[in-house]
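**Q** no sequence on this one, just coordinates:
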């Protein structure tokens, strides 16, 4: 069988599937640990293994993708409903086609009559909510800033250097999780302000400033301590899932890898188990945000009638200068383009912070932008910075003339 690179697949292959309107998410891999797709509009199930045979290569791939959808559905249903996969309802291929928003090839091998692959399947939240159970599907945490801390060689590191633990969290596909993770890219000021020391500081004032800058309301600190028995030997990892500025322990567990080559796989499993622990804590009501992290509500004096303006969203009265948070979609063909886009937005007067909500290198990324003012003023500032602004209903779509 011949190994095939991710970017070798072409859109024409969709015709073999016969899936009308089926979107294929084709993303080239990268070694920066940045998740290729992580959209809050989708549930995402990764690492779905398939191994099928058929009369020819195209038919084998078609069967493989169909099988991946069925398996991914059971995995997603089990996670959302916290039940065994065997209890998941069986859905027809037509219904699954209508719910699937895209497929990503993580790795694949194509032979004359056989298809072996690990695939990622993206389910549209709105179209799959009813099948999942609307009550459970609606559970969602507040935005949680993630600061992954890795102990190795006796010293802790977070974003000071790009660690294997940080890469594992970047690889994690969080669309199927009820936790709304805010995962910094690790560029710009991230290494300076999101370091291992900050993860252990209790001071609320600094935490409030950080959370506001990254568009988050709370913080989670997943920790791993790596212990190597001897060079080339087993690797033991102690995992801890902490929550909040005081480091409330949500879960602790240990995993072992047979050797260093299995380290990444072990860390990926650790991320998945920590996410499950946070999700269970959310369902149990234990993942409550510390009220001291909420910024004090400023006392607004009575304004003369001519100083009160109607909000452009029609939701009441907007006070000039009040801070707002926006979800901004912007093209990010590569990592430098993402960094440049974030720097450009931070340079707009009135912008208080820019953080990644989802990253899609080679596609459209979503950024959280904190702006000190009302929505119309923000649109005007974006226009002055050279952006063309479109309202998507759930945020803003930014483009620039090429």
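**A** All right, it came through fine. Model, not experiment: these values are computed from the prediction.

**Q** what's the domain layout of the chain?
**A** Here the domain parsing of the chain from automatic domain parsing is 2-137, 143-291, 319-399.

**Q** mean pLDDT lowest for which of the ones you listed?
**A** Mean pLDDT per stretch puts domain 2-137 lowest among the domains of the chain, at a mean of 71.

**Q** do a quick rundown of the helices in this structure.
**A** Using DSSP state H, the helices found in the chain span residues 14-17, 57-81, 93-99, 125-132, 134-137, 164-171, 190-193, 196-199, 204-213, 263-284, 335-346, 375-384.

**Q** closest to residue 149 out of those helices?
**A** helix 196-199 (5.1 Å; CB to CB). Just so you know, the C-beta spots here come from the backbone N, C-alpha and C atoms, and that holds for glycine as well.

**Q** and for the closest one, what are the contacting residues?
**A** 147, 149, 156, 157, 158, 160, 206, 210, 221, 242, 247 (CB atoms under 8 Å, 6 or more residues apart in numbering).

**Q** go again with 7 Å.
**A** 147, 149, 156, 157, 158, 221 (CB atoms under 7 Å, 6 or more residues apart in numbering).

**Q** among the helices of the chain, which is nearest residue 391?
**A** helix 375-384 (8.6 Å).

**Q** circling back: pick the most buried one from the helices of the chain.
**A** helix 164-171 (a mean of 22; mean count of other CB atoms under 10 Å).

**Q** off-centre distance for that one?
**A** From the chain centre to the centre of helix 164-171 is a distance of 12 Å (CA atoms, centre = their mean, to the nearest Å).

**Q** how near is residue 226 to residue 129?
**A** Plainly put, residue 226 is 39 Å away from residue 129 if you go by CB to CB, to the nearest Å.

**Q** stretch 225-235: which residues count as buried?
**A** By 16 or more other CB atoms under 10 Å, the buried positions in stretch 225-235 come out as 225, 226, 228, 235.

**Q** with respect to residue 293, which of those is nearest?
**A** residue 225 (26.6 Å).

**Q** now residue 87, nearest residue through space, not along the chain?
**A** Spatial nearest neighbour of residue 87, excluding adjacent residues (CB to CB, 6 or more residues apart in numbering): residue 78 at 7.3 Å.

**Q** now do stretch 184-199: distance to the chain's middle.
**A** Using CA atoms, centre = their mean, the offset of stretch 184-199 from its chain centre is 18 Å.

**Q** hmm, I typed the wrong one, I wanted stretch 332-339.
**A** 17 Å.

**Q** show me the contact partners of it.
**A** Contacts for stretch 332-339 (CB under 7 Å, 6+ apart): 32, 34, 185, 187, 341, 359, 360, 361, 362, 365.

**Q** filter the residues you listed down to the ones in strands?
**A** When DSSP state E is applied, the contacts of stretch 332-339 are split such that residue 365 fall in strands.

**Q** any chance of a markdown table for the contacts of stretch 332-339, columns distance to residue 46?
**A** Listed next are these as a markdown table, based on distance: CB to CB, whole Å:
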| residue | distance to residue 46 |
| --- | --- |
| 32 | 18 |
| 34 | 15 |
| 185 | 20 |
| 187 | 24 |
| 341 | 26 |
| 359 | 15 |
| 360 | 15 |
| 361 | 16 |
| 362 | 17 |
| 365 | 18 |
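
**Q** quick check: the two most widely separated of the contacts of stretch 332-339?
**A** 187 and 362 (17.6 Å).

**Q** the residue nearest to residue 87 touches residue 72, doesn't it?
**A** No. Between residue 78 and residue 72 there is no contact under CB atoms under 7 Å: 10.8 Å.

**Q** can you give me the neighbour number for the residue found closest to residue 391 once you drop the neighbours it is linked to in the chain?
**A** Take residue 391 and drop its neighbours on the chain: the residue closest to it by CB to CB, 6+ apart is residue 397, 7.8 Å away. Around residue 397 there are 16 other residues, counting by other CB atoms under 10 Å.

**Q** going forward, count from 34.
**A** Happy to do that; since the first residue is 34 now, the last one works out to residue 430.

**Q** which residues does residue 430 form beta bridges with?
**A** residue 362, residue 423 (DSSP bridges).
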